[in-house]
Every structure is written in C-alpha cells, then in structure tokens.
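> no FASTA, just this:
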C-alpha cells in the first residue's frame, strides 16, 4: 500500500487512539523510523498533530464557555484578549489586522463558490 500523508496520519492517530496514555512525540518518533520518514515528513506529522491538539482544546474550551452561557463571539474576544495580553499596541493591531484579513478571504471564497 502506498504511504501517503493521509494514510500515515490516519495510522498514527489510530495507534494513539488505541493507547491514548502514550507519549505522542515518542509515538511519532517510533512510527517515523518504522515508516522510514524523512526528517521533514516527521516534522510535518508533529506539526499536524499539534494543530489537531489545538483544535481539540479550543473546541472543548468553546463548549465549556457555551455551557457557562457565553456566546461564541464573547469566547472569541476573550481568546484574542489572552493572545494579545502584554503585547504592544502595534503588535495587537497586527494581530487584529491578520484576523480581519483572514475573515475577509474566507468570506470572499465562500461567496465566490455560491
């Protein structure tokens, strides 16, 4: 069977799901050797896992906020506040600008497909 990124990631996630107490970094290292992945491929696998973890953590956080009666918008604003805490006004403006640009691109892509 050809090893595409999808099959490798799926296999890794299945292995982790079967034993969620194991160290994910150690599992990635083990599987990288087993599959003879390049360093770049192993790094991509680790980064992807980090994105999945971040998504999961934010999904749980949002559900907890909703259970506490907070809106999605309020939750998002609190997340942005925590991200920008301690940063200069210039850095805050850059972050807000990047978020705004991303939102505009998403809207443009969505309306272009309709």
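The structure has been received and is ready for your questions. From a predicted model like this one, the values you see are computed outputs, not experimental measurements.
> so which strand or helix has the residue nearest the centre of the chain?
The centre of the chain sits closest to residue 51, judged by Cα atoms, centre = their mean, with a distance of 2.4 Å. Per DSSP states H and E, residue 51 falls inside helix 39-67.
> just how off-centre is the helix or strand following that helix within its chain?
On the C-terminal side of helix 39-67, the closest following helix or strand by DSSP H and E is helix 72-84. On the basis of Cα atoms, centre = their mean, to the nearest Å, helix 72-84 sits 16 Å off its chain's mean C-alpha point.
> buried residues in the helix holding residue 51, which are they?
Of all the residues in helix 39-67, those buried under the rule 16 or more other Cβ atoms under 10 Å are 42, 45, 48-49, 65. For every residue, glycine as well, the C-beta is placed using N, CA and C.
> what helices and strands are in contact with that helix?
Judged by 3 or more Cβ pairs under 8 Å, 6 or more residues apart in numbering; DSSP states H and E, the packing partners of helix 39-67 are helix 5-18, helix 24-34, helix 72-84.
> flag every buried residue along the longest one.
Under the neighbour-count criterion of 16+ other Cβ under 10 Å, helix 5-18 has 8, 12, 16 buried.
> swap in the last one?
If you call a residue buried by 16+ other Cβ under 10 Å, then helix 72-84 has these buried ones: 75, 84.
> point out where this protein drops to low pLDDT.
In the prediction, the chain carries residues with pLDDT under 70 at positions 1-2, 114.
> picking up where we left off before, closest one to residue 94 among the helices and strands packed on helix 39-67?
helix 72-84 (9.7 Å; Cβ to Cβ).
> got the angle for that closest one vs helix 39-67?
Relative orientation of helix 72-84 and helix 39-67, computed by axes from the mean of the first three to the mean of the last three Cα atoms, to 10 degrees: 130 degrees.
> and helix 72-84, what does it pack against?
Using 3+ Cβ pairs under 8 Å, 6+ apart, helix 72-84 is in contact with helix 39-67, helix 89-113.
> now the shortest one and helix 72-84, what's the angle there?
The reference is to helix 89-113. Going by the same axes, to 10 degrees, helix 89-113 makes 140 degrees with helix 72-84.
> in helix 89-113, which residues are buried?
residue 92.
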